[in-house]
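K.L.:
Sequence below, structure please.
(2 chains)
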There are 2 protein chains.
Amino acid sequence: MPVGPLVDPAEAAALRADAQRNRNRIVEVARELFAERGLDVPLAAIARHAGIGVATLYRRFPTKESLITEVFADQFAACSSIVDDALADPDPWHGFRVAIEKVCAMQATDRGFSAAFITAFPDAITIEQERDRALHGFSELTRRAQQNGRLRPDFEQADLTLLLMANGGIIAESTDAAQAASRRLVAYLLDAFRANHAEPAEPLPPPAPLNLHDILRPPTSSSHTRSMP
Amino acid sequence: MPVGPLVDPAEAAALRADAQRNRNRIVEVARELFAERGLDVPLAAIARHAGIGVATLYRRFPTKESLITEVFADQFAACSSIVDDALADPDPWHGFRVAIEKVCAMQATDRGFSAAFITAFPDAITIEQERDRALHGFSELTRRAQQNGRLRPDFEQADLTLLLMANGGIIAESTDAAQAASRRLVAYLLDAFRANHAEPAEPLPPPAPLNLHDILRPPTSSSHTRSMP
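P.N.:
Numbers count the residues shown, from 1 in each chain, chains lettered A, B, ... in the order given. This next block holds a predicted model:
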């Protein structure tokens, strides 16, 4: 094996492997912290949880946006797939309904993703493209479900944003409770979106165990990060 | 005018007036900051905005809870009145509908209030009593509207929490847009809560100017306060 004048190739390979491990570790930790606390988690906290220096983190991800892009790339792609599947559904209203249920379930599982979805990333072309694809697909889905007569004609594209924001407001102490609450909210809203109430509605999923007295103030990231540097 | 051995009474009165002014100023500033940023605003930031020392603030309000109680006392009372008015409505469904619309409009105007509403205040007896009164009243309103046949029988008390959380998720760049979005969300949900869809629904308020690309990540208090001490 030829040896370079400055760095042993084996050593170089080890360094590269090390760099890759660091990168993976950062992305993994960031995914967990974003999911739990939203996007406000400081990069310093991510570095600390990953057990690496802040300088190393900045070398891999010079901006927070570059890290967010890497963390959520799969989920943005998943979102587009959900819409593609819905467009392939022969029943447009069923496609519309299932797409909304799936996207809202994703959102209820991952606080970071919903924040990422409504944040503008002017420099992250891939994310912007995936989101545009998802939004255009959804718009087509809306058109078909309305043409089909099952979706009320006064449903507007902005109502998707409304729904995602409302769903994003559902915060419970456990992910299970949040998901149950999200399912019920989405069922109510889908019921309201129906054009034709002569048809029987889908039964509501059971109410989530939400109680005003039990529910703490939504865990905004600040309450977690306040003690962080 | 008799003069005491230590403090001139005129001076004492001036000091008392000063203390009262400070107190009012703190409450006023706290009300603004809570409304804008939620309850996570640090007491130090409130003191700074009020132009007084932190020590003075702590002397007037030894705990954050005592300050929150003072700030939101009127709104908790307003909430109870809304429910009382609804209970006095001869049409239980109309009472139910108007109560929800009014409470959600309050919530859309004031980020602090909705956080205060779902936070437990074990030591603030007045707040807990007002909230209990509002919740019991709402529960009675639910019972009457269901008995009356206009509210769907599977609506549960936990769905009020769900609705308040969903409405709390509506954050727009301007209060006007947030209020318009909240009105539309509430109209959709009230539509879904109806038992009898043979009756004509209320027309939807116009869609709010929400756009995924325009909407910033919800302004969690941390993004405002991160630079604060």
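
K.L.:
A:Arg37 contacts A:Arg111, doesn't it?
P.N.:
Yes - using Cβ atoms under 8 Å, A:Arg37 makes contact with A:Arg111 at a distance of 6.9 Å. Every residue, glycine included, has its C-beta placed from N, CA and C.

K.L.:
where does chain A dip in pLDDT?
P.N.:
A:1-6, A:118-123, A:211-229 (pLDDT under 70).

K.L.:
And the residue of it closest to chain B?
P.N.:
The nearest approach of chain A to chain B comes at A:Gly169, 2.1 Å away (Cβ to the nearest Cβ).

K.L.:
From A:Pro9, how far out is that residue?
P.N.:
54 Å (Cβ to Cβ, to the nearest Å).

K.L.:
ok so, going back, check contacts around the residue of chain A closest to chain B.
P.N.:
A:Pro218, B:Met165, B:Ala166, B:Asn167, B:Gly168, B:Gly169, B:Ile170 (Cβ atoms under 8 Å, 6 or more residues apart in numbering or on different chains).

K.L.:
let's go with 6 Å and repeat that
P.N.:
B:Met165, B:Ala166, B:Gly168, B:Gly169 (Cβ atoms under 6 Å, 6 or more residues apart in numbering or on different chains).

K.L.:
now swap in A:Ala145 and tell me
P.N.:
Contacts of A:Ala145 (Cβ under 6 Å, 6+ apart): A:Pro92, A:Trp93, A:Phe96, A:Leu151.

K.L.:
now the helices for chain A?
P.N.:
A:9-37, A:43-50, A:54-60, A:64-88, A:92-109, A:111-118, A:125-147, A:158-168, A:175-193, A:221-225 (DSSP state H).

K.L.:
Make CSV from those and add distance to B:Gln147 to it.
P.N.:
What follows is the helices of chain A, written out as CSV (distance: least, Cβ to Cβ, whole Å):
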stretch, distance to B:Gln147
helix A:9-37, 43
helix A:43-50, 52
helix A:54-60, 60
helix A:64-88, 40
helix A:92-109, 31
helix A:111-118, 38
helix A:125-147, 35
helix A:158-168, 28
helix A:175-193, 21
helix A:221-225, 41
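
K.L.:
Tell me which of the ones you listed lies nearest to B:His136.
P.N.:
Smallest distance to B:His136 across the helices of chain A (Cβ to Cβ): 22.3 Å, for helix A:175-193.

K.L.:
Any chance you could list what contacts that closest one?
P.N.:
Against helix A:175-193 from outside (Cβ under 6 Å, 6+ apart): A:97, A:101, A:104, A:108, A:151-152, A:155, A:163, A:167, A:170, A:172, A:201, A:204-205, A:207-210, B:162, B:166, B:188-189, B:191-192.

K.L.:
which of those residues are buried?
P.N.:
For the contacts of helix A:175-193, a burial check counting by 16 or more other Cβ atoms under 10 Å in any protein chain shown picks out A:97, A:101, A:104, A:108, A:151-152, A:155, A:163, A:167, A:170, A:172, A:204-205, A:207-210, B:162, B:166, B:188-189, B:191-192.

K.L.:
tell me the centre residue of chain A?
P.N.:
Nearest to the mean C-alpha position of chain A, by Cα atoms, centre = their mean, lies A:Phe113 at 2.2 Å.

K.L.:
Can you tell me the closest non-neighbouring residue to it?
P.N.:
Leaving aside its chain neighbours, A:Phe113 sits nearest to A:Gln75 (5.1 Å; criterion: Cβ to Cβ, 6 or more residues apart in numbering or on different chains).

K.L.:
neighbours around the one you found, how many?
P.N.:
20 (other Cβ atoms under 10 Å in any protein chain shown).

K.L.:
same deal with A:Ala13?
P.N.:
A:Ala13 - counted by other Cβ under 10 Å - has 11 other residues nearby.

K.L.:
ok, now A:Val7?
P.N.:
Using other Cβ under 10 Å: A:Val7 sits among 11 other residues.

K.L.:
how near is it to B:Ala12?
P.N.:
In terms of Cβ to Cβ, A:Val7 sits 79 Å off from B:Ala12.

K.L.:
A:Ala116 too?
P.N.:
58 Å.

K.L.:
Neighbour count for these two, which is higher?
P.N.:
A:Ala116 (23 against 12).

K.L.:
who's in contact with the more buried one?
P.N.:
A:Ile68, A:Phe72.

K.L.:
repeat that with 7 Å
P.N.:
A:Leu39, A:Ile68, A:Phe72 (Cβ atoms under 7 Å, 6 or more residues apart in numbering or on different chains).

K.L.:
residues contacting the closest residue in space to A:Ala19 that isn't next to it in sequence?
P.N.:
Nearest residue to A:Ala19, sequence neighbours excluded (Cβ to Cβ, 6+ apart): A:Arg60, at 7.6 Å. Residues near A:Arg60 by Cβ under 7 Å, 6+ apart: A:Asn22, A:Arg23, A:Ile26.

K.L.:
Keep only those that also lie close to chain B.
P.N.:
Applying Cβ under 7 Å from any Cβ of the partner chain to the contacts of A:Arg60, one finds that nothing falls near chain B.

K.L.:
now those residues in JSON lines, with distance to A:Ile127 and neighbour count?
P.N.:
Output for these, formatted as JSON lines (distance: Cβ to Cβ, whole Å; neighbours: other Cβ atoms under 10 Å in any protein chain shown):
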{"residue": "A:Asn22", "distance to A:Ile127": "23", "neighbour count": "18"}
{"residue": "A:Arg23", "distance to A:Ile127": "18", "neighbour count": "18"}
{"residue": "A:Ile26", "distance to A:Ile127": "18", "neighbour count": "24"}
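
K.L.:
okay if I get these as a markdown table plus distance to A:Arg48?
P.N.:
What follows is the contacts of A:Arg60, written out as a markdown table (distance: Cβ to Cβ, whole Å):
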| residue | distance to A:Arg48 |
| --- | --- |
| A:Asn22 | 14 |
| A:Arg23 | 17 |
| A:Ile26 | 11 |
